[in-house]
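Novice: Following is a predicted model, sequence given first.
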Amino acid sequence: MFVRNGILSNLREKGRTALFSLLILVLTVTMILSLGVLLYCNAVLKACDEAYRSIALVEYMGSEYPKEDEPDEVAREAATELTDESILGVNGVTGWTRGNPSFAFAEGYERRYGNMPYGNRSVIVVGNFSDPIYQWTDFDENGDPIITEQSVVYRTALLKTSVYSENGREGVLIDILPGASGFVPEKRKNYILHGSFVDTTGIARDIGAYPMNGYSVFRIESFIASDELPYALYTDETGIPEFFLDAADQYRSMNNYVSVVPCKDVEDVYAFQQNEIRLSEGTFPDPEQKNECVVSADLAEGLGLKPGDELLLQEMRGTDTDCYDLSLTGNTDSFKVCGVTEPSTDHVGTVWALMNDADTPLFGYLLGTVSLRNKDAVEAVEILQDMVPKQVRVTLFDQGYGNAVQPFLEVKKSAVNVFLICLAVIIAVLMLFAFLFVGRQGETVKIMISLGTPGRKITLWFLSGALLICGASALLGTLAGVVLRPALFERIARMIESIRAKDGFLWYSETSVGSVKEVNFHPTVPLWPDLLVPVGIVVVSLLFCIFFLKVQRRMKTPKRGKSRVYVPKGETSVHFRGGLRYSLLSIRRGGLKSVIVPLISMLLTTMVIFLSGMYQGWQKELKDALENSSIDGTVVSINGRSYSGLALSVNSVKSLLHVKGVDDVSVSYGYHYWLFDEMPQFSNSENGKERRSNWIGNQPELVALNSLKGAKEFYYSDPGLVWLEGWDENVLNGSELTPFNFRMDGDMDDHPIPGVFSKSFLEERGLSLGDTVICFVRTDRSAEIGVIVKAVGSYVQQGSKANIYVPLSCYIPPALLTGDELSGDYSEAQRKRMEQTFSLRTCRFTVSSAGELDEVRERLRAEGFSAVGHTKKNRTTLVLKDAAFLKLKENMERNIAMGRVMSMMISVLVSLLGFIISWLMVFTRRREFALMRGLGAKKSRVFVSFFLEQVVLSLLGCLLGCVSLLWLYTGGIVQILALLIFLVCYLFGATVSILFVGKVDLMELLTVRE
Amino acid sequence: MSVIELRDVKYVYQSQYQRLEALHGITYSFEEGCVYAILGSSGSGKTTLLSLMAGLDLPTEGTVLCEGVSTADIDLEKYRRESVSVIYQDFRLFPMLTAAENVMYPMELKGMKPALAKKRAAELIKKVGLPDSVLNRFPAMLSGGEQQRVAIARALGMKTRILLADEPTGNLDSKNSEMLFGILKDLAHKDGYCVVMITHDEELGKSADKILRLHDGELIL
């Protein structure tokens, strides 16, 4: 009976029941869908997390970057500053492998191609020498050759035995150059020689030798770090001296070295992570295991290895200055082969082995590889970048994880917000429901108590009705949500795929550097969490009902003389007249009502203002970011790994300069320089010349540039410039200097070139700003000239080389780049030739307005510039350093989008609440209304009385809201609109309610019991 | 002299499910200076009749004439404001207005200035036998009898010739009932009001000048 009556009494409240059923149904559907989307996004994110791998390369941006075998001391110092503990302590870092190279010798392996450090070094037995043949390049006036000491003598001879040479060829005729060895063979004798085959396309051509059988010129060279003569007489009796055999063995092991890449997880090695190379057989080793490895295809083929086999490696170690000057350490290690790679010319003779970091000196610039947790990768890289020493760059390679999950994160965030808003709303609705269906049933409770109804049965009465309405609506909503869910998932997947297809590859962005993986966006989403929604709704509604029922029962149960009645203090007022007077009196004496309405209004408007303020703040921040941010761009090598040592054509720079939105194009070109008294003595032999040339190649550079921004040294650090009084960076962009290439050999210019020197260079030589230095440079025409450079500025040296920065016009007339008229008498043909002759080593530029970034990308595409991995007509490859900006922009846009949705939802919700509150505020005072009308008050007066009261109360709330948020309130149109919408809705609710009450029959109204 | 006249007044409560004829053609004429008591059992149509006389609604059929003019032809708001005053069993005072302000309310409706209305309200409160201390009290601070007297003072403030009372003593004890009835009687006999009172109380009814009985919507004289 109680259940039936409880249900019936609720059902008979047709309008109210329908309203709440509908509300609960709609909110349940929304919650189920948002929860479903949340679960769907989580499933996709999980799938992404499993599919993608994120790593970061920690590299030192040294002067010879990205050479892999450079013994750069500064890079080594930087590496020592990176401690394992600090790197592994960063949240998101799961592994850290140092980049120190490791080498080994594998018995039976012969390297057929790839990097062979001593490829030309050979130990050979030759005989059948010819008479000496002179080489000359100069002729006298009679046309006869001028034979001098520098004329090179060579003999032809038969290569009889190859003790060691790269291809082991024998029985061929070769030219023998004695070099500085002093070798003079006796006729009909055989000799054992140590030396190297000379590249016949290089030096040999210059000296008049011509290639024969590819192995035509052999230069005798001294043993490295040995006093032994590089030649010896050979007879069967004497045999080959031991030091020749040792040398041959060493070259064999050096050239057939196996490169061992120590790693903690082979899949996290850059080459595999970036899909440069893939497995063709077997699997990756389990990172938990030790001494397992993956081998390159050529190694597997050479040694006949297949997955499951054992590979025995003998450790080899180079010297501190030459990583390939290898010798066996005597240590051996055995590895189980798990996988074999596809054939690749880039990865020859390589073993990727699970082992500890190599205990060898660092060569090259890769300090190490960090393995990262996908979702924390970006933050971890930012922390690492702040941690590492200057000039060290930490580059994230996430296989496109960030871009793939971004839309899902946004959808997930929206889903969470929608779910939370629905949760808040449904709690409010359920509270209101419980209040109206139970809390306002005081009379019923009173009657039941007076009739002696047991508390349990009173509870049963009310809860049965509530359970029916909430349960049925929630269940129906759940069913509808579950039915609609798959279609929604499909729609989201399609939407995201279309966004991805639309965005595609983000041209020139550093975020698009690296390989990208694809993931299935249709995972299975569990259904069971959806059941929690209706259960939760029913439980919460019942809890609220029980609460209000307890309150009612407590209120209606006699207190045995303890009841208290609150009566406010009165005072007859004669202020104001008519409706205004009544409304003001009603406000003054309204008690809780007069507090509640402004309070709720204040809270709601505060929420709206806060949200809209935040939304507006984000918009402003984004606008500022778009207007005031600039993006740096760099010309890089085609694979994106190198940004210096380029051969950038003048026409490419001209094209770049003419792209609208691209500013501050900074270019540079470097000549190695040396100070006269600092060059060691070199012999005049070929070997001496080569060593001299190599020495010059290792000297710092005199870098001609138009802005210090173009110096690779300052890409990752602040130059810390100090200028001589009266000088500044503009000097670099001057145009009145004569380019080195146009100067006469040995020209000592009386007018010094202004230069920016390394502070330590000046200090070491006792120089100061204003002093001059004579530097020698070798021009592109192979002429060596001396130039006077005046120190007009100094910088804090970052690398190991003390470069000197001089105006770009020392190398190239700047007008050639800008397309302006050249000063001097140059024909168009000369200009064209100059444009084709000159090239630049580095190039940086700025997109001054980040807001135009997308347009600039399009313009660069239109100009045909290439991006990493996307080669176009113009092979000049660009990378824009836009990751930080894009991240900021994405965050802002996400916040703005979220803020927009939230503001709209909150505005609608707040407006709806305003409407409902004002409706209830009037509707619950119908009797008062009827009394006025019964006393003959005009409808207009009654309207004014009630309406003004609501106006004052809601305005008061809004004002309080504004005051409470004065610090945030910017007076923007959005806030004013939001407030107006709330006010209008609130007052609309009051108006509708007053008009509605006014329509109800007076006789009926007068019988209403409040 | 007839102040209010009922001519064949019928009233029907029409709902979706049923049609209930509350009054079946009542004809009667009420005169000034006289106290009428309408007696009847519950559901006999007493309150409906009073509501029609109070101008809260119009009869379904028939006419309610006030000084010869049908309520159907006049502005009911004005009628309620200027021609008729009602006292209810549950007093129906504005909870957030003091006793004086409740009394002042109809005066102000007629355009009286607040200060003058306050003075007049004090006089009326005094007239119904309440002390000045009641003036600034809210209804919640008054006893049932005091509230009912404030309601009468409010009715008097309207300066109408017709005073309708719906069970005015229903919530009062016998002492207060007698006092209230005395006031009503004085108003009729001394000030010439036409007082129409609905009551269950036979004894009180007998004290009236004329007794009318309603039975199932029909008037029994």
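Specialist: Arrived safely, thanks for sending.

Novice: Give the full set of residues in contact with residue A:636.
Specialist: A:642, A:643, A:646, A:868, A:877, A:878, A:879 (CB atoms under 8 Å, 6 or more residues apart in numbering or on different chains). (C-beta placed from N, C-alpha, C; glycine too.)

Novice: change it to 7 Å
Specialist: Residues near residue A:636 by CB atoms under 7 Å, 6 or more residues apart in numbering or on different chains: A:642, A:643, A:868, A:877, A:879.

Novice: For the third one, give me the pLDDT.
Specialist: Per-residue confidence at residue A:868 stands at 83 (pLDDT).

Novice: Looking at residue 123 now. What's its pLDDT?
Specialist: I'll assume chain A. 93.

Novice: Chain B is the one I meant
Specialist: For residue B:123, pLDDT reads 93.

Novice: Give me the neighbour count for it.
Specialist: A count of nearby residues for residue B:123, using other CB atoms under 10 Å in any protein chain shown, gives 12.

Novice: What helix or strand is it located in?
Specialist: helix B:114-127 (DSSP states H and E).

Novice: for the residue lying closest to residue B:28 once chain neighbours are set aside, what are its contacts?
Specialist: Counting by CB to CB, 6 or more residues apart in numbering or on different chains, residue B:28 lies nearest to residue B:6, which is 4.9 Å off, once chain neighbours are set aside. Residue B:6 is in contact with B:26, B:27, B:28, B:64, counting by CB under 7 Å, 6+ apart.

Novice: just residue B:150 next, same as before
Specialist: By CB under 7 Å, 6+ apart, the neighbours of residue B:150 are B:93, B:99, B:102, B:103, B:125, B:142.

Novice: Over to residue A:646?
Specialist: A:635, A:637, A:840, A:841, A:842.

Novice: Nearest to chain A within chain B, name that residue for me.
Specialist: Residue nearest to chain A within chain B (CB to the nearest CB): residue B:81, separated by 2.7 Å.

Novice: Among the contacts of residue A:636, which one has the most neighbours?
Specialist: Each of the contacts of residue A:636 was scored for neighbours by other CB under 10 Å, and residue A:877 scores highest at 24 neighbours.

Novice: Which of the contacts of residue B:6 sits closest to residue A:218?
Specialist: residue B:64 (137.2 Å; CB to CB).

Novice: would you list every one of the strands in chain B?
Specialist: Shown for chain B, the strands assigned by DSSP state E span residues B:2-14, B:19-31, B:34-40, B:61-66, B:69-70, B:84-87, B:162-166, B:194-199, B:210-215, B:218-220.

Novice: Domain-wise, how is chain A divided?
Specialist: A:1-52+A:399-559, A:121-254, A:575-626+A:883-1010, A:631-848 (automatic domain parsing).

Novice: looking at those, which is closest to residue B:183?
Specialist: Going by CB to CB, the one of the domains of chain A nearest residue B:183 is domain A:575-626+A:883-1010, 19.4 Å.

Novice: Could you give the number of residues near residue A:69?
Specialist: Neighbours around residue A:69, by other CB under 10 Å: 14.

Novice: How many residues are close by residue A:320?
Specialist: 12.

Novice: could you say what helices and strands the helix or strand harbouring residue A:984 packs with?
Specialist: Assessed by DSSP H and E, residue A:984 sits inside helix A:973-999. If you count contacts as 3 or more CB pairs under 7 Å, 6 or more residues apart in numbering or on different chains; DSSP states H and E, helix A:973-999 packs onto helix A:592-628, helix A:883-923, helix A:939-964.

Novice: What residues does residue 47 make contact with?
Specialist: In the absence of a named chain, chain A is used. A:519, A:520, A:523.

Novice: my bad, chain B
Specialist: With CB under 7 Å, 6+ apart, residue B:47 has these contacts: B:166, B:198.

Novice: List the ones among the contacts of residue A:636 that fall in strands.
Specialist: A:877, A:879.

Novice: closest to residue A:978 among the contacts of residue A:636?
Specialist: Distances from residue A:978 to the contacts of residue A:636, taken by CB to CB, are shortest for residue A:879, at 42.9 Å.

Novice: so the closest one bridges to which residues?
Specialist: residue A:634 (DSSP bridges).

Novice: sorry, back to before: would you turn the contacts of residue A:47 into JSON lines with distance to chain B?
Specialist: Output for the contacts of residue A:47, formatted as JSON lines (distance: CB to the nearest CB, whole Å):
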{"residue": "A:519", "distance to chain B": "61"}
{"residue": "A:520", "distance to chain B": "59"}
{"residue": "A:523", "distance to chain B": "54"}
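
Novice: For ChimeraX, what selects the buried ones among those residues?
Specialist: Buried residues among these (16 or more other CB atoms under 10 Å in any protein chain shown), as a ChimeraX selection:
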select /A:519,523
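
Novice: got TSV for the contacts of residue A:47, with secondary structure, pLDDT and distance to residue A:772 too?
Specialist: Shown next, in TSV, are the contacts of residue A:47 (DSSP: H, G, I helix; E, B strand; the rest coil; pLDDT from 0 to 100; distance: CB to CB, whole Å):
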residue	secondary structure	pLDDT	distance to residue A:772
A:519	coil	70	63
A:520	coil	71	68
A:523	coil	79	71
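
Novice: following the helix or strand containing residue A:31, which helix or strand shows up next?
Specialist: For residue A:31, the host element (DSSP H and E) is helix A:14-51. As assigned by DSSP H and E, the chain's next helix or strand after helix A:14-51 is strand A:54-60.

Novice: Flag every buried residue along that next one.
Specialist: A:54, A:55, A:56, A:57, A:58, A:59, A:60.
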